[in-house]
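[1] I need the structure of the sequence given here:
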Amino acid sequence: MPQKGDKMEDHVKDKISSIVNDKLSSKEIKEVIQFLRQTVANNMSLDDDLFFRRLAYEMTGQVKELALLIIDLRRGLKSKIYPELTDIATKYIPQTADQLGAIIDATEIAANKILDNLDSMQVNTEKMEKILPH
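    Down below sits the predicted model:
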């Protein structure tokens, strides 16, 4: 039969899960609950104001540690990804731009030749119409 403490712990787990939009694993939620239990146990004799100040201080320290981990992760990713992006930007993008420029130039030359040939054919057609009887 479930104990009152089990129901309360389940309620706390559900509440934490809803607060973080189910982004924490079951293990991480248990760690948060354990952290809260230790904090409450260590500060039972304190008045409410001092208790919540200490709780905020301890949680702030945990958040700072998490922020530092995220910053380190970002730096690590940047150091691994950035050189490849730089390589692409300095080598391949200019080469591709040059190739596209050459394609555009060749297309323009071909289009001009086609238009010149059409003009020439138009002139020749008009000359032939004047020479040939209708």
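[2] Please tell me how far I19 sits from A41.
    22 Å (Cβ to Cβ, to the nearest Å). Backbone N, C-alpha and C define where each C-beta goes, glycine included.
[3] try M121
    As judged by Cβ to Cβ, M121 and A41 stand 97 Å apart.
[4] in this structure, which residue is closest to the centre?
    Nearest to the mean C-alpha position of the chain, counting by Cα atoms, centre = their mean, stands R74 at 11.6 Å.
[5] Work out for me the element it sits within.
    helix 48-87 (DSSP states H and E).
[6] What is that helix packed up against?
    helix 26-42 (3 or more Cβ pairs under 8 Å, 6 or more residues apart in numbering; DSSP states H and E).
[7] In CSV, list the C-alpha atoms belonging to the helix it packs on.
    Presented in CSV, the C-alpha positions along helix 26-42 are these (Å, rounded to 0.1, in the frame of the first residue of the first chain):
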residue,chain,number,x,y,z
SER,A,26,13.7,10.5,-14.0
LYS,A,27,17.2,10.3,-12.5
GLU,A,28,17.6,14.1,-12.8
ILE,A,29,14.3,14.7,-11.0
LYS,A,30,15.4,12.3,-8.2
GLU,A,31,18.6,14.3,-7.9
VAL,A,32,16.6,17.6,-7.6
ILE,A,33,14.4,16.0,-4.9
GLN,A,34,17.5,14.7,-3.0
PHE,A,35,19.0,18.2,-3.2
LEU,A,36,15.8,19.7,-1.8
ARG,A,37,15.7,17.1,1.0
GLN,A,38,19.3,17.8,2.0
THR,A,39,18.7,21.5,1.9
VAL,A,40,15.6,21.2,4.1
ALA,A,41,17.3,18.8,6.5
ASN,A,42,20.3,21.0,6.9
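[8] Right, I'll leave it there.
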